[in-house]
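**Student:** no FASTA, just this:
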């Protein structure tokens, strides 16, 4: 992977204020508001725009990488990286606890949301890193646990002509008390290859 630089937590701006945020020297503990989520229309018929995403500018040719862990217990508990142009054009990539399983995937939204996901139950106790690279016409999502091998999660279309912002996110659609510990937020050059 290319050389990277740490993004200070103070460089980001929240899309929606979390229940609590506690900054410690080497991590950020964030507790979600109950009912927070990001989704637009598809299959469920509702639009939710209440996720907690700490965003900084993401240019074409750059990547954002976020490392975190949490006690995955509540239905649809989720965390990872959020990439946003506006309320109708965004990507959330990471893990989500659903129906008793931890899923690794991405929701890609252009007016309407889609969701791709696969079970990674062996990741439940792990520290997880999600990396999103921005190309001229797409975003490439990768993830891994601890220092394991990178896994390609998604290649999705994304408008390279518009300003975009990215960073760590969490949401707790069904419960109070989800606290995610974010350990690292880094910016680097985008990955040069898909494989």
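**Tutor:** Received it, and whenever you're ready, just let me know what you need. The structure displayed is predicted, hence computed values, not measured ones.
**Student:** Where in the chain is the helix or strand with the lowest mean pLDDT?
**Tutor:** Least confident helix or strand, the chain: strand 47-49 with a mean of 89, by mean pLDDT, DSSP states H and E.
**Student:** which helices and strands sit right next to it?
**Tutor:** Judged by 3 or more Cβ pairs under 8 Å, 6 or more residues apart in numbering; DSSP states H and E, the packing partners of strand 47-49 are strand 38-40. Glycine gets a C-beta too; all of them are placed from N, C-alpha and C.
**Student:** helices or strands up against the strand it packs on?
**Tutor:** Looks like strand 38-40 contacts strand 47-49, strand 101-110, strand 112-119 (3+ Cβ pairs under 8 Å, 6+ apart).
**Student:** looking at the ones you listed, which is closest to residue 73?
**Tutor:** With Cβ to Cβ as the criterion, residue 73 lies closest to strand 101-110 of those, at 10.6 Å.
**Student:** buried residues in the closest one?
**Tutor:** Judged by neighbour count using 16 or more other Cβ atoms under 10 Å, the buried positions of strand 101-110 are 102-110.
**Student:** relative orientation of it and strand 112-119 in degrees?
**Tutor:** If you take axes from the mean of the first three to the mean of the last three Cα atoms, to 10 degrees, strand 101-110 sits at 160 degrees to strand 112-119.
**Student:** returning to what we had before: could the helices and strands packed on strand 38-40 be laid out in TSV, adding distance to residue 63?
**Tutor:** Output for those, formatted as TSV (distance: least, Cβ to Cβ, whole Å):
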stretch	distance to residue 63
strand 47-49	25
strand 101-110	15
strand 112-119	20
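**Student:** so how many other residues sit close to residue 12?
**Tutor:** 18 (other Cβ atoms under 10 Å).
**Student:** Nearest residue to it in space, please, no chain neighbours.
**Tutor:** Leaving aside its chain neighbours, residue 12 sits nearest to residue 54 (3.6 Å; criterion: Cβ to Cβ, 6 or more residues apart in numbering).
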